[in-house]
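> how would this look folded up:
(2 chains)
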Amino acid sequence: MKAADRHPGEGRGLMRRAVRLRPEIPAVAGMTAGLLLALAVPALADSKLPPADLAFTQLPDPAQEAEAKALMDTLRCLVCQGQSIADSDAEMAGDMRALVRQRIAAGERPGEVRKWLVQRYGDYVTYDPPLSWATAPLWIAPIALLIAGIFIARRSFRRRGA
Amino acid sequence: MRRVLIWAPLALFALVFALVAGGLISPGDRTVHSAMIGKPAPATPLRPLLPNKPGIQSFATDKPRLVNVFASWCPPCILEAPQLMKLKRAGVEIDGVATADTADAMQAFLSRNGDPFARIGDDRNRATQIAFGSAGVPETFVIGADGRIAYQHVGDIRADDVPKLLAQLEKAK
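Next up is the predicted model:
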């Protein structure tokens, strides 16, 4: 998905609805459409600069590129929040890929790069949240459910056997 | 036991209903906030974008600073331009971090929307924006006299945000 570097929740949806309204009730819908169009922020909000050097170029060292790619798969694109920076075509994701590749090429470990980004954006930026009090339920819940499942299964099988 | 259990599905339904209704009534905050509040401002200097305006030597000095992360290609940045002019008239020195921008486009932007900036740094590859923990344009940061980031404003500055920013600048002294 091509996402412009704007804050989420603006534009697009409104525009689409505005266009769809028009043929049904021309007078009112036309005015509504006009109003909605006036409210909508233009969706084309990308700079005209060429992408950063390492946004779409792999590192020459395949081992380093593999490390960088693995890390990029776990980092959230901040303007298109459901995608990783490896998947996103947003300009900011390109700049973040360039930043990751530069740092890996300079000899930083992927963990250090992740830590640097988490310091700036919080755990939100990673799809691989570290274990903490806030994220503990995420990690513990599957194990707890599995144990509960085994317990229930054992009980019901035992009853059938008896 | 069975008499209690018979209410379980209804209770579960009520729980799910409350969850969904809650999400509809107050949708979650999707804003990405910087985690850099209270931490030292980025130290990397930014070279000037325009020939007639200085770049940014350092974000941390001994007085409060207002840093506006913006771009000439960003529509909400046009929207907030009058408010930045207001802040300038109130005596605030504004540093602009120009995100992925060119000198020509910036010059045209400033002559159309006014120029509230004391300095404009060229943040071509968003390195400074990312170092601030900023996730989009426009965003505005207050940096305290101690060189630490004191406050972040996400999105365009509206008229009622101006006094808030002035208060934050006063607090950051």
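> hey, let's count contacts and neighbours off CA atoms from now on
OK.
> which pLDDT value belongs to residue A:46?
Predicted confidence (pLDDT) for residue A:46: 74.
> do the same with residue B:82
According to the prediction, residue B:82 has pLDDT 96.
> looking at this, it is in a strand?
No: assigned with DSSP: H, G, I helix; E, B strand; the rest coil, residue B:82 falls outside any strand and is helix.
> need the contact list for it.
B:113-114 (C-alpha atoms under 8 Å, 6 or more residues apart in numbering or on different chains).
> at 7 Å what do you get?
Residues in contact with residue B:82 (C-alpha atoms under 7 Å, 6 or more residues apart in numbering or on different chains): none are found.
> list the buried residues of the helix or strand where residue A:114 lies.
Here residue A:114, judged by DSSP states H and E, is contained in helix A:110-121. Buried positions in helix A:110-121, judged by neighbour count with 16 or more other C-alpha atoms under 10 Å in any protein chain shown: A:110, A:113-114, A:117-121.
> next, count neighbours for the residue of chain B found nearest chain A.
Taking C-alpha to the nearest C-alpha, chain A has its nearest neighbour within chain B at residue B:133, 4.4 Å off. Neighbour count of residue B:133, defined by other C-alpha atoms under 10 Å in any protein chain shown: 22.
> that one in helix, strand or coil?
Going by three-state DSSP: residue B:133 is coil.
> tell me, what's the model's pLDDT at it?
On pLDDT, residue B:133 comes in at 95.
> lowest average confidence across helices and strands of chain A, where is it?
Lowest by mean pLDDT, DSSP states H and E among the helices and strands of chain A is helix A:13-21, with a mean of 37.
> quick one: is the longest helix anywhere in chain B near chain A?
Assignment by DSSP state H gives helix B:8-25 as the longest helix of chain B. No: contact of helix B:8-25 with chain A (C-alpha under 7 Å from any C-alpha of the partner chain) is absent, the minimum separation being 15.0 Å.
> how about the contacts made by the residue in chain A that chain B sits nearest to?
Across chain A, the shortest distance to chain B (C-alpha to the nearest C-alpha) belongs to residue A:120, at 4.4 Å. By C-alpha under 7 Å, 6+ apart, residue A:120 lies in contact with B:34-36, B:131-133.
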